[in-house]
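> Provide a 3D model corresponding to the input given below.
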Amino acid sequence: MEGKPEGSSAIPSAATAAEKQKEKARVTRTSLILWHTHQNDASAVRKLLEEDPSLVTARDYDSRTPLHVASLHGWIDVAKCLLEYGADVNAQDRWKNTPLADAEGAKKHSMIELLKSYGGLSYGQNGSHFEPKPVPPPLPNKCDWEIDPLELDFSTSAVIGKGSFGEILKASWRGTPVAVKRILPSLSDDRLVTQDFRHEVNLLVKLRHPNIVQFLGAVTEKKPLMLITEYLRGGDLHQFLKDKGALNPSTAVNFALDIARGMAYLHNEPNVIIHRDLKPRNVLLVNSNADHLKVGDFGLSKLIKVQNSHDVYKMTGETGSYRYMAPEVFKHRKYDKKVDVFSFAMILYEMLEGDPPLANYEPYEAAKYVADGHRPIFRSRGYLPELRELTEQCWAPDMNQRPSFLEILKRLEKIRDSLPPDHHWHIFTQ
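As a prediction, the model looks like this:
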C-alpha cells in the first residue's frame, strides 16, 4: 500500500476513493448507454440520460458516440432521444466520420433525413470503415483463392450456423464437404459488412497451422459473398460439452493443448492476430472421435503490427461474446492479446466444470460481474489443482499477470506428462 504524504490526513485519500468510485460508475454507464443504443432500446437510453445527461457525449475507443451507433443501425427513436438531450449531430469519430456519414454509408434513408433536419453534415470517410468506392480485393494474386460459385454444390446443404450478417452452410466443393459462410444478399452492398468480410478473408489467406481452421477460398466477385473453409465433422466444443459435461483431466489437457497451440501461432510477433471472440462455439472438433481441435471464426479478429511487446491498443470495447469477455474489453479500456488468454481460461473452466462460466447469469450480467472483480467458482472435484491454478492465472484481473500462450503450452505439457493412466481417473471424480 502506498504511504501517505507527510502531514496529510485521511480526508484526501477518502476523496480519492470517492473519485475512483465515481469514475468506475461513469465507465459502467458509458458502456451501458453504448450497449442500449446498439440494442435499439430507446427507453433504457432515455432513463440513463435522465439520470446523467452528460452521457449523450459518451465515446467508445473508436471515439464513436451513441448517435454514431444509432445512425449506423438506423435506430430512429434512439437517435431522436439522443438529439433531444443535445447530442452533437456533427461529432466525429476517429476516422473523422459524422453520424450522417455513417447513415449514408449504411443507406439508412430515414436516418439521413432526420440528421439533416438537425443540421447534420456528411464529412469524414477518408480512411474510415466506409470507403467511397468498393474495397479492392485484399490480395493481388486473388486468382489463387477466388472460387467460382458454380463449383459450389448446395443441393444437399444444411445450415450449421447463423449470425446477424449471414449463415454458415455445409456444402460440397469439387466433391469435398466444405463450410461456406454466406453473406445475406440484402447485405452484400453494405460497405461495413463488405469491409468486415474482406478483412476476414485477408486474415485467413495468411494462416497455415494444424490447429487453425483451414481457409480454402472465397467468392468476392459475385453475390452473395462467400467464404469457404474446411468442414469439420465433429461440430463445435460448445455442443460437445453440452452433450458430455465435465471432461476428465486427460481430455481437458489435450483439448487445451490444441487450443493453446493455435492461439500461440496467432499471437506470434511481430504480426499478432488477436482473436477477440475465443469461445467454445468457435473451437471445432475435427471428427466425432474428438481427438483434434481447431480454432475458427476470425470475423472479429484484429491483425496488429507489434513494435514493442508491451504495446496495448485502443480497440473497440465490448467486442465478442460477453460470457467469455475479458474485463478490460467490457470496460472499454486499452487491451492487448492477453484478452484471448482470459477467454481461454473461461473455456478451460467450462471443460473442467461441464457448465459455462457463471451459467446462472445472463451473458451481459456475467461480463459485468467479472468486470467488478468476481470469477466463476470451482465446484467439481474432477480437476487437478495444477489446472485450477493455471486457469486462475489466465483470468488474472491485471492482463500483464496472465501467461502467454507459449508459457501456457509449457505448463500444459508438464501437467500432461505427470498425469496417471486413464483408468485412474475415478479417484478424482468419486
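> in which helix or strand would I find V272?
With secondary structure defined by DSSP states H and E, V272 is part of strand 271-274.
> Same question for S43.
Assigned by DSSP H and E, S43 falls within helix 42-51.
> and after the strand holding V272, which helix or strand comes next?
Proceeding N to C from strand 271-274, the next assigned helix or strand is strand 283-285, under DSSP H and E.
> what comes into contact with the helix holding S43?
Applying CB atoms under 8 Å, 6 or more residues apart in numbering, the external contacts of helix 42-51 come out as 29, 32-33, 36-37, 55-56, 66, 75, 77-78, 80-82, 85. Where you see a C-beta, it was placed from the backbone N, CA and C, and this is true even at glycine.
> Buried among the residues you listed? Need that as a selection in PyMOL.
Only the buried entries of the contacts of helix 42-51 go into this PyMOL selection, using 16 or more other CB atoms under 10 Å:
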select buried, resi 29+32+33+36+37+55+56+66+75+78+80+81+82+85
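> now, which of the contacts of helix 42-51 lie within helices?
Among these, the residues falling in helices (DSSP state H) are R29, L32, I33, H36, T37, P66, D77, V78, K80, C81, L82.
> Redo those residues as a markdown table? Include distance to A367 and pLDDT.
Formatted as a markdown table, the ones in helices among the contacts of helix 42-51 follow (distance: CB to CB, whole Å; pLDDT from 0 to 100):
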| residue | distance to A367 | pLDDT |
| --- | --- | --- |
| R29 | 15 | 81 |
| L32 | 12 | 88 |
| I33 | 16 | 92 |
| H36 | 15 | 90 |
| T37 | 17 | 91 |
| P66 | 19 | 94 |
| D77 | 26 | 95 |
| V78 | 22 | 95 |
| K80 | 29 | 95 |
| C81 | 25 | 95 |
| L82 | 24 | 95 |
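> and the helix or strand F255 falls within, C-alpha only, in PDB?
Here F255 sits within helix 249-266, counting by DSSP H and E. Written as PDB, here are the backbone C-alpha positions of helix 249-266 (Å, rounded to 0.1, in the frame of the first residue of the first chain):
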ATOM      1  CA  PRO A 249      -8.400 -34.200 -16.800                       C
ATOM      2  CA  SER A 250      -6.600 -36.100 -19.600                       C
ATOM      3  CA  THR A 251      -9.100 -35.000 -22.200                       C
ATOM      4  CA  ALA A 252      -9.300 -31.400 -20.900                       C
ATOM      5  CA  VAL A 253      -5.500 -31.100 -21.100                       C
ATOM      6  CA  ASN A 254      -5.400 -32.500 -24.600                       C
ATOM      7  CA  PHE A 255      -8.100 -30.100 -25.700                       C
ATOM      8  CA  ALA A 256      -6.500 -27.200 -24.000                       C
ATOM      9  CA  LEU A 257      -3.100 -28.000 -25.700                       C
ATOM     10  CA  ASP A 258      -4.800 -27.900 -29.200                       C
ATOM     11  CA  ILE A 259      -6.400 -24.500 -28.500                       C
ATOM     12  CA  ALA A 260      -3.200 -23.100 -27.000                       C
ATOM     13  CA  ARG A 261      -1.200 -24.300 -30.000                       C
ATOM     14  CA  GLY A 262      -3.500 -22.500 -32.400                       C
ATOM     15  CA  MET A 263      -3.500 -19.400 -30.200                       C
ATOM     16  CA  ALA A 264       0.300 -19.300 -29.800                       C
ATOM     17  CA  TYR A 265       0.600 -19.300 -33.600                       C
ATOM     18  CA  LEU A 266      -1.900 -16.400 -33.900                       C
END
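> Fine, thanks again, bye for now.
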